[in-house]
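**Student:** no sequence on this one, just coordinates:
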DNA sequence: GTCTATAGTGCGATAGAC
DNA sequence: GTCTATCGCACTATAGAC
């Protein structure tokens, strides 16, 4: 028998998600989450810098997947292609088995502005990470920033649709559709008389 | 002599910006801000739902400007053009006289993650507002979402450059450059062999 | 592991404007 | 009288310091 069970952050996360889903985020205290897995409030805050963070544990792996995907893109792929590649490579992250869990998590986040802020912040941080990686590939500063920020905006749209009620298509298909839609809109805008 | 000075939120905002700039956001309490203009902490929270919000007072007018700009776009303008139109019409909002104030505000926000989260949230809220307005113009759901989210991502890039140190170009010029860069990147991506 | 500052809320009281 | 801006106090939870 071990002194403490392993995977403490994961167990805290699971307990938090369940409590948030039933009682609501604000009506759940950090102490309650900790007690649900036999720990103290102090231990909770040792693992997570703040209460919201418990729902975002494990996201570093998403950034890694994006970077790996970017690395796997052909070296001569144009920036927006490379970003699409990165997003596509995150698809296994959003598998069918994970969808119910992601839906539960999304519904908790949707019902609380503070959590939405944190989610936006995480996506924005992915964007700057991606932009840095593009610059490291030799992409010019403005192009890297625009491609990364646009790509992460599209990722956000695709993810929101993937977890939306009734949606059954795979993440990769939705993401591809969203990227295609941007190319269509951009082509349309470029062809229009008042183009910038 | 009146019982209460008018423009309480504005005075609180000015005091807050100055205190945040000198002592830092976290080292400034809501009580101190309130006392700086002769009020109590309770009154501060009567005007602002939380401490961060004091830096975002007046942003509703930006949303109005965007919507007005969208309304001024030709009815047959393609969605991305219409969004560019909306962003362009926010230019008077970012005039040369306001740049120093915007820079001071941006530097406070840049130095605090909690404030960055709130700023991202405000931009995201602009995006959903714009998407709704596009749908009201008859734009299809996906196109409206993609155009609005992309447009606000570009707005964020343009704004960040406008307030960056040493930047002297007008906001409208920067925004136009950023939108043009997206069209260029999209054209490049569409022409590439592995296009989605 | 304990202590404490601060954010933020709820309710009631006050005091002038209308 | 009503309405609204303000204050005062008691209270909880977060989060960080010791």
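**Tutor:** Received it, and whenever you're ready, just let me know what you need. Keep in mind it's a predicted model, so treat the numbers as computed, not measured.

**Student:** now residue A:94: how far from residue B:162?
**Tutor:** Taking CB to CB, to the nearest Å as the measure, residue A:94 falls 35 Å from residue B:162. In short, each C-beta sits where N, CA and C put it, glycine included.

**Student:** more neighbours, these two?
**Tutor:** Using other CB atoms under 10 Å in any protein chain shown, the more surrounded residue of residue A:94 and residue B:162 is residue B:162, with 22 against 19.

**Student:** domain ranges for chain A, per the record?
**Tutor:** Here the domain parsing of chain A from automatic domain parsing is A:8-54, A:58-191.

**Student:** residues in contact with residue A:157?
**Tutor:** Residue A:157 sits next to A:178, B:145-146, B:149 when contact means CB atoms under 8 Å, 6 or more residues apart in numbering or on different chains.

**Student:** angle of the helix or strand harbouring it against helix B:141-162?
**Tutor:** In this assignment (DSSP states H and E), residue A:157 forms part of helix A:141-162. Between helix A:141-162 and helix B:141-162, the angle comes out at 150 degrees (axes from the mean of the first three to the mean of the last three CA atoms, to 10 degrees).

**Student:** wait, which of the contacts of residue A:157 is closest to DNA strand C?
**Tutor:** Distance to DNA strand C across the contacts of residue A:157 (CB to the nearest atom of the strand) is lowest for residue B:149, with 27.0 Å.

**Student:** surely that closest one touches residue B:131?
**Tutor:** Yes: using CB atoms under 8 Å, residue B:149 makes contact with residue B:131 at a distance of 7.2 Å.

**Student:** distance to residue A:17 and neighbour count added to the contacts of residue A:157, as JSON lines?
**Tutor:** Formatted as JSON lines, those follow (distance: CB to CB, whole Å; neighbours: other CB atoms under 10 Å in any protein chain shown):
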{"residue": "A:178", "distance to residue A:17": "27", "neighbour count": "25"}
{"residue": "B:145", "distance to residue A:17": "27", "neighbour count": "27"}
{"residue": "B:146", "distance to residue A:17": "30", "neighbour count": "30"}
{"residue": "B:149", "distance to residue A:17": "27", "neighbour count": "27"}
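
**Student:** so which of the domains of chain A is nearest DNA strand D?
**Tutor:** Ranking the domains of chain A by distance to DNA strand D, with CB to the nearest atom of the strand as the measure, places domain A:8-54 first at 3.4 Å.

**Student:** average pLDDT for that closest one?
**Tutor:** Across domain A:8-54, pLDDT averages out at 96.

**Student:** ditto for stretch A:98-114
**Tutor:** In this model, stretch A:98-114 carries a mean pLDDT of 97.

**Student:** is DNA strand C contacted by the biggest helix by length in chain A?
**Tutor:** Ranked by number of residues, the top helix in chain A under DSSP state H is helix A:113-136. No: looking at helix A:113-136 against DNA strand C by CB under 7 Å from any atom of the strand, there are no contacts, and the closest approach is 8.5 Å.

**Student:** is that helix in proximity to chain B?
**Tutor:** Yes: residues of helix A:113-136 are located near chain B by CB under 8 Å from any CB of the partner chain, namely A:113, A:116-118, A:120-121, A:124.

**Student:** circling back: export the domains of chain A to CSV and tack on distance to DNA strand D?
**Tutor:** Output for the domains of chain A, formatted as CSV (distance: least, CB to the nearest atom of the strand, whole Å):
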stretch, distance to DNA strand D
domain A:8-54, 3
domain A:58-191, 9
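
**Student:** deepest-packed of the ones you listed, please.
**Tutor:** Most buried of the domains of chain A, by mean neighbour count (mean count of other CB atoms under 10 Å in any protein chain shown): domain A:58-191, with a mean of 19.

**Student:** mind listing what the closest residue to residue A:128 other than its chain neighbours touches?
**Tutor:** Closest residue to residue A:128 apart from its sequence neighbours, by CB to CB, 6 or more residues apart in numbering or on different chains: residue A:148 at 7.2 Å. Contacts for residue A:148 (CB under 8 Å, 6+ apart) come out as A:83, A:127-128, A:130-131, A:134.

**Student:** the residue in chain A positioned nearest to DNA strand C sits in which helix or strand?
**Tutor:** When scored by CB to the nearest atom of the strand, chain A has residue A:42 as its residue closest to DNA strand C, at 4.3 Å. With secondary structure defined by DSSP H and E, residue A:42 is part of helix A:41-47.

**Student:** ok, residue A:13 next?
**Tutor:** Assigned by DSSP H and E, residue A:13 belongs to helix A:8-23.

**Student:** name the helices or strands packed onto that helix?
**Tutor:** Helices and strands touching helix A:8-23, by 3 or more CB pairs under 8 Å, 6 or more residues apart in numbering or on different chains; DSSP states H and E, are helix A:30-36, helix A:41-47, helix A:99-110.

**Student:** so which elements touch the first one?
**Tutor:** What it means is helix A:30-36. helix A:8-23, helix A:41-47.

**Student:** of all those, which lies closest to residue A:78?
**Tutor:** Residue A:78 lies closest to helix A:8-23 among the helices and strands packed on helix A:30-36, at 38.1 Å (CB to CB).
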